[in-house]
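Chemist: Next come a sequence and a model predicted from it.
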Amino acid sequence: MDIITHGDFCITSDDNNTHYISFRMPSLHKEIDFVEQFNKMIKSKQKNHIDQNRI
């Protein structure tokens, strides 16, 4: 049975080492963009930091 085609499969590596492997089933049927997610997280943290300094 081919289950890979029914889910989302992700491998994360750094410096030629595999750090994390994940599989989600059923698939979200969309592209997962970790850079975009990271940039949104950074912007959110920066906004929260600025808001806290105004208090």
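Modeler: Now that the structure is in, tell me what you want to look at. Residues are numbered from 1 along each chain as shown.
Chemist: quick one, helices of this structure?
Modeler: With helices called from DSSP state H, the chain shows them at 34-54.
Chemist: Which secondary structure element of it has the lowest mean pLDDT?
Modeler: Between all helices and strands in the chain, the lowest mean by mean pLDDT, DSSP states H and E belongs to helix 34-54, at a mean of 82.
Chemist: Name all residues that make contact with the residue positioned nearest the centre of the chain.
Modeler: Centroid-nearest residue in the chain: F34, 4.1 Å away (criterion: Cα atoms, centre = their mean). Residues near F34 by Cβ atoms under 8 Å, 6 or more residues apart in numbering: T12. No exception for glycine: its C-beta is placed from N, CA and C like everyone else's.
Chemist: what sits opposite T12 in the beta ladder?
Modeler: Y20 (DSSP bridges).
Chemist: Does it touch Y20 like I think?
Modeler: Yes: contact status for T12 versus Y20: in contact at 4.3 Å, counting by Cβ atoms under 8 Å.
Chemist: Distance check, S13 against I21.
Modeler: Distance, S13 to I21, by Cβ to Cβ, to the nearest Å: 10 Å.
Chemist: do the same with I4
Modeler: Distance, I4 to I21, using Cβ to Cβ: 12 Å.
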